[in-house]
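Q: Next one to model:
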Amino acid sequence: MFQVGEAFNGDPAYVGPYQDHVTSLFNYPMYYTIQDIWGRGMSMYGIKNRYQQEESHFKDIDALGVFVDNHDNARFMSMYRDETKLSAALVFSLTTRGIPYFYYGSEQAY
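A: Here you go, the predicted model:
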């Protein structure tokens, strides 16, 4: 049985051990990295650095859910108001390691 858990925290050392109890988790550490890079314009090296951090804390990075928006957080567009940045973040979430999760309305830039 495949289970998806949620630990609302940006620290892989905190979130990683939850994967001992459920098959998958939402990758909240990567969520914050996505916000930093596409929302705040920080360095793309953040992706490399995040995955390096996660490798020592998660059993299976490829089973983690990657997302830009969800029901627990403010929408990307409500914070950054830039459809180009949103589109880039969504493409990243579709093509990076993990399972892409889309919150309804993201495709319409809600």
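
Q: Count the neighbours of the residue nearest to Phe58 when sequence neighbours are not counted for me.
A: What sits nearest to Phe58 in space, not counting adjacent residues and going by CB to CB, 6 or more residues apart in numbering, is Gly16, at 4.7 Å. Yep, even glycine has a C-beta here, placed from its N, CA and C like the rest. Gly16: 21 surrounding residues under other CB atoms under 10 Å.

Q: was I right about Gly16 contacting Asp60?
A: No. The criterion here is CB atoms under 8 Å, and Gly16 misses it with Asp60 at 10.4 Å.

Q: Is the residue positioned nearest the centre of the chain within a helix or a strand, and which one?
A: Ranked by distance to the mean C-alpha position of the chain (CA atoms, centre = their mean), the top residue is Tyr31 at 3.1 Å. Using DSSP states H and E, Tyr31 maps to helix 28-34.

Q: contact partners of that helix?
A: The contact list for helix 28-34 (CB atoms under 8 Å, 6 or more residues apart in numbering) reads 6-12, 15, 46-47, 50, 53-54, 64, 66-68, 73, 89, 92-93, 96, 98.

Q: do stretch 70-77 as well
A: Outside stretch 70-77, the residues touching it (CB under 8 Å, 6+ apart) are 6, 8, 26, 31, 35, 38-39, 68-69, 83, 85-86, 89, 101, 103, 105-106, 109-110.

Q: And the contacts of helix 28-34, which of them are buried?
A: With burial judged by 16 or more other CB atoms under 10 Å, the buried subset of those is 7, 12, 15, 46-47, 50, 53-54, 64, 66-68, 73, 89, 92-93, 96, 98.

Q: Select from those residues every entry located in helices.
A: Pro12, Val15, Gly46, Ile47, Arg50, Gln53, Glu54, Ala89, Phe92, Ser93 (DSSP state H).
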